[in-house]
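K.L.:
Structure, please.
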Amino acid sequence: MRRPQREALPDMPGRITIYEVGARDGLQNEKTLVPVEVKAEFIRRLVAAGLDTVETTSFVSPEWVPQLADSAALLGLLDEVGRGRNRPVLVPNERGLDEALAQGAQAIAVFGSATETFARKNLNRSLEESVAMFAPVVQRARDEGLWVRGYLSMCFGDPWEGDVPISQVVDAAFRIMDLGCDQLSLGDTIGTGTTGHVHRLLDALDARGLGTDRLGVHFHDTYGQALANTLAALAHGVTVVDSSAGGLGGCPYAMSATGNLATEDLVWALDGLGIETGVDLEALVQTSVWMAGNLGRPSPSRVVKALAG
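P.N.:
Numbering: from 1, shown residues only. Now for the predicted structure:
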């Protein structure tokens, strides 16, 4: 299989962690229900391809996200493959945490917002109310010995509020991290961020004491900027990157959001820079081709198209 010529750049990390979100964020917005057996096989293949961290599902109300109504059944099919500190599940509230704990989850994520409008549309709560809802979830999870991630959406723009001031994002980030989260993922939910914006936000967070060792980045590719923004974040010191196999995903509550950064596109770029990921790109491409067949459409990933064509 064709590989890029390796040409390293200074000030880039030697290795990064890919936080694979395809099984959860990637599939949650599918219009047709994906059988739970297919989801389980998808996760097994992702893990076999070398993706050590895979977010598996979400314990959310089936009324809001019907595609993930089978979360308990999914973890039951996966057994130990679906558990561990590197198999997080998203939980919106204490009820979701109860269900996750009952299935043996050892890592969870909560999903907050940097803007008031999206908080109300996504969680039906104000920013203050959403943080209050997360507080007992994070505390109980920590008491149970779980690893906890916080997502912060709308960090680079909001479809209802427009530009989001960097100071507002920083304040929201600390509200989430002050709950006791181990890591924060900065989300460009509608894909409007640019590289300078990435550097400015990371500078502002660092100035307040939140360094890149506790941050991940999560870029959508609506305007074709996801990979460029990711590389800007890596140059700034970030070593955790969210991506989705085959470029699956979007946001069901932000209609202008298209797919996540494709994991294959990320791996190709990092391989060319000599940055290790531990991922077998050929196996990952085969997995995304297989999943695209189950979904009945081709993968939007440029690398999948190039290598599978």
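
K.L.:
for this protein, where's the lowest mean pLDDT among helices and strands?
P.N.:
helix 116-123 (a mean of 89; mean pLDDT, DSSP states H and E).

K.L.:
show me where pLDDT drops low in the chain?
P.N.:
Scanning the chain with the threshold set as pLDDT under 70 gives 250-258.

K.L.:
where along it do the strands fall?
P.N.:
Secondary structure of the chain (DSSP state E): strands at 17-20, 53-54, 57-58, 89-90, 107-113, 147-153, 183-188, 215-219, 240-243.

K.L.:
In TSV, list those strands along with mean neighbour count and distance to residue 98.
P.N.:
The way it works is simple: take the backbone N, C-alpha and C, and place the C-beta from them, glycine included. What follows is those, written out as TSV (neighbours: other C-beta atoms under 10 Å; distance: least, C-beta to C-beta, whole Å):
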stretch	mean neighbour count	distance to residue 98
strand 17-20	24	24
strand 53-54	23	23
strand 57-58	29	14
strand 89-90	26	12
strand 107-113	25	11
strand 147-153	23	15
strand 183-188	25	23
strand 215-219	26	26
strand 240-243	26	26
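
K.L.:
now the helices for this protein?
P.N.:
Per DSSP state H, the chain carries helices over the ranges 36-48, 71-78, 94-102, 116-123, 127-143, 166-177, 195-207, 226-235, 263-272, 281-295, 302-308.

K.L.:
Show me which residues of the third one are buried.
P.N.:
Neighbour-count burial for helix 94-102, counted by 16 or more other C-beta atoms under 10 Å, picks out 96-97, 99-101.

K.L.:
just stretch 57-65 next, same as before
P.N.:
Within stretch 57-65, the residues that qualify as buried are 57-60, 64-65, counting by 16+ other C-beta under 10 Å.

K.L.:
returning to what we had before: and the strands of the chain as a markdown table, adding distance to residue 71?
P.N.:
What follows is these, written out as a markdown table (distance: least, C-beta to C-beta, whole Å):
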| stretch | distance to residue 71 |
| --- | --- |
| strand 17-20 | 17 |
| strand 53-54 | 14 |
| strand 57-58 | 4 |
| strand 89-90 | 7 |
| strand 107-113 | 12 |
| strand 147-153 | 17 |
| strand 183-188 | 20 |
| strand 215-219 | 20 |
| strand 240-243 | 19 |
